[in-house]
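Undergrad: show me the folded form of this:
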Amino acid sequence: MELELRHLRTIRAIADAGSLTRAATDLGLAQPALSAQLKRIERALGGELFERGRHGVRATALGELVLERSRIVLPAVTELQQEAARFARTSRATACLRLGGTHGPLLGAVVDRLADVTPDARVTTCTSWSERELAGLLTEGRLDFALAGTCGSAPPPGAEGLVWQEVAVDPVFVMVPEGHALARPGEVELTELAGEEWACVPGDGCFGDCFTAACARAGFTPHRMYETDTSSLVHLVQVGRAVGLCRATFPNTPGIITRPLTGTPLTWRHLLGWHRVTQRAQTAATVLAQARLAHEGVAARSDSYAEWRAAQPVP
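TA: Here you go, the predicted model:
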């Protein structure tokens, strides 16, 4: 009999259970059947793997050796199976690019550009407020690429095998209604907004903590913060309920003025992620280049951002 992976799993189950009776129950087998299977495995390996006693079983020296090796082999095989499944799903979807992203204008702009450079590919999208969820979908092979972001220099969503490349870094602007006292040209001091209520879109990064820290440095504690979807955020700003926080690429919107904050106390880093095993380097390079060009287009369409960029000193 040749040793198979299922035999290693049986040995691990017996060791974990501590007795043949409990292991048989866990494996859904009758105890005599498990005992017979163990004897066949032991004959194949050349010796006893467990000592039987009144209180259960204990691994022999040979058993310890086999268990030690199984702790390496079984996870490695599981990882191989997962990577193969991801690769197979990607190979079946060569005519389709599956993009994920947080809500915002950049995702649509990337789809638009990819439609030009890959006219034969079908492009689908998935949106989420959670960067960690997007990272998980990449890891599982359910997305090909994801547009996510981090606050300032915070690290990207962590998951083994993922590659994250920077698309661009934007300042965070504030949104005020047209009739607001600060709806004037130029930058706004954060301290001028100390008495306001605030609104932003949700997320699972550190943006909320970074905003609170920026306010503390400016000498105040922010009042109520509304975390809500983009449409509701726009409404709260338009009716004067709150001042909104947004990426500088936020598009021109009737009834709303976006303004930069003096000293740029908050920034947002746009990232493109993919899994290194399932994506070809050429495909990743193409999507990354189009994401960067898409960002430039989105930034140029925001009047306030274009004005701010024009006023910055040439590096």
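Undergrad: for the biggest helix by length in the chain, name the packing helices and strands.
TA: The longest helix of the chain (DSSP state H) is helix 61-92. Secondary-structure packing of helix 61-92 (3 or more Cβ pairs under 8 Å, 6 or more residues apart in numbering; DSSP states H and E): helix 5-17. Heads up, the C-betas are built off the backbone N, CA and C, glycines and all.
Undergrad: just the CA atoms of the next helix or strand after the helix it packs on, as PDB, please.
TA: Sequence-wise, the next helix or strand downstream of helix 5-17 (DSSP states H and E) is helix 20-27. As requested, the backbone C-alpha atoms of helix 20-27 are provided in PDB (Å, rounded to 0.1, in the frame of the first residue of the first chain):
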ATOM      1  CA  LEU A  20      -9.400   5.600  18.400                       C
ATOM      2  CA  THR A  21     -13.000   5.800  19.700                       C
ATOM      3  CA  ARG A  22     -13.100   9.600  19.500                       C
ATOM      4  CA  ALA A  23     -11.200   9.700  16.300                       C
ATOM      5  CA  ALA A  24     -13.600   7.200  14.700                       C
ATOM      6  CA  THR A  25     -16.500   9.400  15.700                       C
ATOM      7  CA  ASP A  26     -14.900  12.500  14.300                       C
ATOM      8  CA  LEU A  27     -14.100  10.700  11.000                       C
END
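Undergrad: distance of T125 relative to L80?
TA: 30 Å (Cβ to Cβ, to the nearest Å).
Undergrad: not counting sequence-adjacent ones, nearest residue to the spatially most central residue of the chain?
TA: The chain has A135 as the residue nearest its centroid, 2.7 Å off, counting by Cα atoms, centre = their mean. Spatial nearest neighbour of A135, chain neighbours left out: P157 (3.6 Å); criterion: Cβ to Cβ, 6 or more residues apart in numbering.
Undergrad: quick one: that neighbour and F145, what's the gap?
TA: Per Cβ to Cβ, P157 is found 14 Å from F145.
Undergrad: circling back: pLDDT on the longest helix of the chain, on average?
TA: On average, the pLDDT along helix 61-92 is 78.
Undergrad: run the angle between that helix and helix 5-17 for me.
TA: Put simply, helix 61-92 runs at 120 degrees to helix 5-17, going by axes from the mean of the first three to the mean of the last three Cα atoms, to 10 degrees.
Undergrad: where does pLDDT dip in the stretch 1-150 of the chain?
TA: Residue ranges of the stretch 1-150 of the chain with pLDDT under 70: 1, 84-95.
Undergrad: let's see it at 50
TA: By pLDDT under 50, the low-scoring segments of the stretch 1-150 of the chain are 92-94.
Undergrad: gap between the strand ranked longest in the chain and the chain center?
TA: Ranked by residue count under DSSP state E, the longest strand found in the chain is strand 162-177. How far strand 162-177 lies from its chain's middle: 16 Å, per Cα atoms, centre = their mean, to the nearest Å.
Undergrad: parallel or antiparallel, list what pairs with the helix or strand following it.
TA: Using DSSP H and E, the next helix or strand after strand 162-177 towards the C-terminus is strand 198-200. According to DSSP bridges, strand 198-200 has the following sheet partners: strand 225-227 (parallel), strand 243-247 (parallel).
Undergrad: just the CA trace of the very next helix or strand once past strand 198-200, in CSV.
TA: Using DSSP H and E, the helix or strand that follows strand 198-200 in sequence is helix 207-218. What follows is helix 207-218, C-alpha atoms only, in CSV (Å, rounded to 0.1, in the frame of the first residue of the first chain):
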residue,chain,number,x,y,z
PHE,A,207,-9.2,57.4,8.6
GLY,A,208,-11.5,58.3,11.6
ASP,A,209,-8.7,58.1,14.0
CYS,A,210,-6.4,60.2,11.7
PHE,A,211,-9.2,62.9,11.4
THR,A,212,-9.7,63.0,15.2
ALA,A,213,-5.9,63.4,15.7
ALA,A,214,-5.8,66.2,13.1
CYS,A,215,-8.6,68.0,14.9
ALA,A,216,-6.7,67.5,18.2
ARG,A,217,-3.6,69.1,16.8
ALA,A,218,-5.8,72.0,15.6
